[in-house]
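In: When you get a sec, could you give me coordinates for this:
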Amino acid sequence: MKVFVIGSGGREHALVHSIARKGHEVFCAPGNAGIARLAECVDIDPLDIAGLMSFARRQKVDLTVVGPEAPLIAGLADEFEKKGLTVFGPKAAAARLEGDKAFAKMLMRSFGIPTAPFAVFEDFEQALGFLKSGPFPVAIKASGLAAGKGVTVAGSLAEAEAVLTAFMREGKLGEAGAKVVIEQFLTGEEASVIALCDGKRLQFMAPAQDHKRLLDNDEGPNTGGMGAYAPLPLITPEVFERIVSQVFEPLLKGLEKEGIEYRGAIYAGLMLTPEGPKVLEFNCRFGDPEAQVILPIFDDDLAEVCLKCAQGSLDEAKGMPRPERWALCVVAAAAGYPGSYEKGLPISGELEGGESTIVFHAGTRLVDDRFVTSGGRVLGVTGIAGNLALARERAYYGIGLIHFPGMHYRRDIGQRGLRYLEKEQ
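Out: All right, here's what the predicted structure looks like:
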């Protein structure tokens, strides 16, 4: 099969890796230096929908898999379908689940999906007045797309006012921050559950846990994700059934009532609270870095499953996935990330990886036959093993062999999972 992957980050490298290892011919736009080892990279911007369609038609690709959310929200799937091109990814109406957090929260309320109490504001003074009634902490979320930087937890009124000012008055996030969602801060363990959907049926992937804060012990600012591991032992078969029956099934039924068909990946970011799972957010694509741990232990042919989703012919649900292997990813970030950072820094060390350690490129390019940095999250090193402790050991050993100026990474990825497993023994 000829498969066309859209995107340029670690998630897309994981998608290309998973598809190519099953023998498919892969193209990627625009790709990165690591992806170029596995696929033919073409220099087309992910938002150049006309250019992407032209390439897909010229190459007679069988399936296009969209990695990032922005092209989906912009209507890529709608346009591809009009031209008779098969695409894995929801149309714009369904992708709005991620593109408009206020819309998603309203749907959750309407469909009875458990989530934190919330209020939506487009007026600064009204939002500030609401916050003055407390209590704190609260989560303040930009309603639009903000590249993983639109969520801030405020512990006081002063902090909250500063966030609102940055979002709504200073335009720190552009249009994305003009409307905000303010919601009750939830406590518990975070979980990412991704299902592949053909409009009616779901196939679930191994649950994972992302680590969104920049620094150890969940300190520092939110990022796009500094590491992850899968499967997540906190999600027992009983918890999984609650997630399916209380989150995914009502979502699909509700979307159907709204006349919205969803074909693609549905990502549910959850908080496992003492009252049960509650939805923090929905995304319309694979998670990043979750893809870098979920896909290496996904044994099915990803391209074939995605094709069935796109065609509306997915096999009946298999229930909770039970992979025999574990995977853990540690992200190497540039100094200054998630703020401004320098690009073009030379990367040295062991970048080849192997069967038990995979080096996924997120922000790299090749200059004069040498890898250099080109993003905030530069690399993700994934260790794979028959248990979580060994997968973690392999990931940290692998990242220890890599260097670039200012490189930093969290050193506690997976520790909560290990503690939970030790308690269960």
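In: three-state assignment of residue 135?
Out: Here residue 135 is coil, with the state taken from DSSP: H, G, I helix; E, B strand; the rest coil.
In: Quick check: it vs residue 151, distance?
Out: Applying C-beta to C-beta, to the nearest Å, the value for residue 135 to residue 151 is 19 Å. Glycine gets a C-beta too; all of them are placed from N, C-alpha and C.
In: swap in residue 344?
Out: 30 Å.
In: okay, those two: which has more neighbours?
Out: Each of residue 344 and residue 151 has its neighbours counted (other C-beta atoms under 10 Å); residue 151 has more, 20 against 9.
In: What pLDDT is listed against the most centrally placed residue in the chain?
Out: In the chain, the residue lying closest to the centroid (C-alpha atoms, centre = their mean) is residue 287, at 1.8 Å. As predicted, residue 287 sits at a pLDDT of 95.
In: What of the one 4 residues further on?
Out: The score at residue 291 is 98. That number is its pLDDT.
In: If you count neighbours, what's buried in stretch 143-153?
Out: 143, 144, 145, 146, 149, 150, 151, 152 (16 or more other C-beta atoms under 10 Å).
In: Take these and keep only those in strands.
Out: Counted as lying in strands by DSSP state E, out of these, are 151, 152.
In: Spatially, which two of the buried residues of stretch 143-153 are the most separated?
Out: 145 and 152 (15.6 Å; C-beta to C-beta).
In: Show me the shaky parts of the protein.
Out: 148 (pLDDT under 70).
In: which phi and psi does the closest residue in space to residue 144 that isn't next to it in sequence have?
Out: In this structure, residue 144 finds its nearest non-sequential neighbour in residue 176, 3.2 Å apart by C-beta to C-beta, 6 or more residues apart in numbering. Backbone geometry at residue 176, expressed as degrees, to the nearest 10, gives phi -60, psi -30.
In: can you pull the contacts of residue 176?
Out: 142, 143, 144, 145, 146, 150 (C-beta atoms under 8 Å, 6 or more residues apart in numbering).
In: mind checking how far the fifth one is from residue 99?
Out: Computed as C-beta to C-beta, the residue 146 to residue 99 distance reads 11 Å.
In: count of neighbours near residue 42?
Out: Neighbours of residue 42 under the rule other C-beta under 10 Å: 15.
In: tell me which residues of stretch 405-412 are tucked away?
Out: 407, 409, 410.
In: Contact partners for residue 138?
Out: Per C-beta under 8 Å, 6+ apart, neighbours of residue 138: 131, 153, 154, 160, 182, 183, 184, 185.
In: Reformat the residues you listed into CSV and put secondary structure next to each item.
Out: Shown next, in CSV, are those (three-state DSSP):
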residue, secondary structure
131, helix
153, strand
154, strand
160, helix
182, strand
183, strand
184, strand
185, coil
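In: Identify, from those, the entry nearest to residue 297.
Out: Residue 297 lies nearest to residue 153 out of those, by C-beta to C-beta, at 31.1 Å.
In: ok, that closest one touching residue 185?
Out: Yes - taking C-beta atoms under 8 Å as the definition, residue 153 is a contact partner of residue 185 at 6.1 Å.
In: tell me, what's touching these two both at once?
Out: What both residue 153 and residue 185 touch, as defined by C-beta under 8 Å, 6+ apart, is the set 137, 138, 139.
In: quick one, phi psi at the last one?
Out: Spelled out, that is residue 139. According to degrees, to the nearest 10, residue 139 has phi -100, psi 130.
In: surely it meets residue 159?
Out: No - with contacts defined as C-beta under 8 Å, residue 139 does not count as touching residue 159, sitting 11.7 Å away.
In: Which members of the contacts of residue 138 come out as buried by neighbour count?
Out: Among the contacts of residue 138, those classed as buried by neighbour count (16+ other C-beta under 10 Å) are 131, 154, 160, 182, 183.
In: ok, those residues vs residue 30, which is closest?
Out: residue 183 (35.6 Å).
In: and the closest one, what does it touch?
Out: Residue 183 neighbours (C-beta under 8 Å, 6+ apart): 105, 115, 116, 117, 118, 119, 138, 139, 141.
In: ok, of these, which come out buried?
Out: For the contacts of residue 183, buried by 16+ other C-beta under 10 Å: 105, 115, 116, 118, 119, 138, 139, 141.
In: distance of residue 276 from residue 242?
Out: 6 Å.
In: Likewise for residue 327?
Out: Residue 327 is 24 Å from residue 242, by C-beta to C-beta.
In: Those two: which is more packed in?
Out: Taking neighbours as other C-beta under 10 Å, residue 327 and residue 242 compare with residue 327 leading, 29 against 15.
In: which residue packs closest to that one, ignoring adjacent ones?
Out: residue 293 is the one closest to residue 327 (C-beta to C-beta, 6+ apart), at 3.9 Å.
In: surely that neighbour meets residue 330?
Out: No - counting by C-beta under 8 Å, residue 293 sits too far from residue 330 to count as a contact (10.3 Å).
In: The stretch 151-300 of the chain: strands as residue ranges?
Out: Along the stretch 151-300 of the chain, counting by DSSP state E, counting those that start in this stretch, strands occupy 151-154, 180-184, 189-198, 202-204, 209-210, 213-215, 219-222, 227-230, 263-273, 276-283.
In: could you redo these as CSV and give each row distance to residue 91?
Out: As requested, these are exported to CSV (distance: least, C-beta to C-beta, whole Å):
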stretch, distance to residue 91
strand 151-154, 25
strand 180-184, 23
strand 189-198, 12
strand 202-204, 18
strand 209-210, 26
strand 213-215, 33
strand 219-222, 29
strand 227-230, 28
strand 263-273, 8
strand 276-283, 15
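In: Tell me which stretches of this structure form helices.
Out: All helices of the chain, identified by DSSP state H, fall at 10-20, 49-59, 69-73, 76-82, 92-99, 101-111, 124-131, 157-164, 237-243, 249-257, 291-294, 302-311, 388-399, 415-424.
In: Perfect, I'm done here.
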